[in-house]
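Enquirer: The following comprises the amino acid sequence and a computationally predicted model.
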Amino acid sequence: MATVTIPKKEYEELIEKKLRYEYLRDIMEGDIFASPPTRGVDDILTAFKATRRYNQKFLKSLKEGLRRSSYFRI
């Protein structure tokens, strides 16, 4: 096996690209067209709020979008 020397920055870029590729491959191997586990708008909103990552404007927009969706109408 031959030894190849590359700059550290290039090495880090290659590692990052490899990790991204593996992540995407794992996602694509799963069933990406499966239905969401719940149709409950309130359940979904509660889960998003629990993460504390989303502001009220986004949560309001999400709620409106879910309510307009024909999939989440019961």
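Expert: Arrived safely, thanks for sending. Fair warning: this is a prediction, and the values are worked out from it, not measured in the lab. Numbering: from 1, shown residues only.
Enquirer: any idea which element the most centrally placed residue in the chain lies in?
Expert: Note on the chain: the residue nearest the mean C-alpha position is residue 27, at 9.3 Å, using CA atoms, centre = their mean. Assigned by DSSP states H and E, residue 27 belongs to helix 8-29.
Enquirer: what's the answer for residue 67, then?
Expert: helix 56-68.
Enquirer: What residues of that helix count as buried?
Expert: 62, 66 (16 or more other CB atoms under 10 Å). Glycine gets a C-beta too; all of them are placed from N, C-alpha and C.
Enquirer: Which secondary structure elements does that helix sit against?
Expert: helix 41-51 (3 or more CB pairs under 8 Å, 6 or more residues apart in numbering; DSSP states H and E).
Enquirer: now the helix it packs on: how far from the chain's centre is it?
Expert: How far helix 41-51 lies from its chain's middle: 15 Å, per CA atoms, centre = their mean, to the nearest Å.
Enquirer: Name the residues of it that are buried.
Expert: For helix 41-51, burial by neighbour count (16+ other CB under 10 Å) applies to 41, 44-45.
Enquirer: list the helices and strands that helix packs on?
Expert: helix 56-68.
Enquirer: One more pass at 6 Å, please.
Expert: Using 3 or more CB pairs under 6 Å, 6 or more residues apart in numbering; DSSP states H and E as the contact test, no helix or strand touches helix 41-51.
Enquirer: what about it, average pLDDT?
Expert: The average pLDDT for helix 41-51 rounds to 93.
Enquirer: repeat for stretch 63-74
Expert: 84.
Enquirer: And residue 3, how close does it get to residue 16?
Expert: Applying CB to CB, to the nearest Å, the value for residue 3 to residue 16 is 22 Å.
Enquirer: more crowded one of the two?
Expert: Higher neighbour count among residue 3 and residue 16: residue 16, with 10 against 4, using other CB atoms under 10 Å.
Enquirer: Now do that one against residue 10, distance only.
Expert: Residue 16 sits 11 Å away from residue 10, going by CB to CB.
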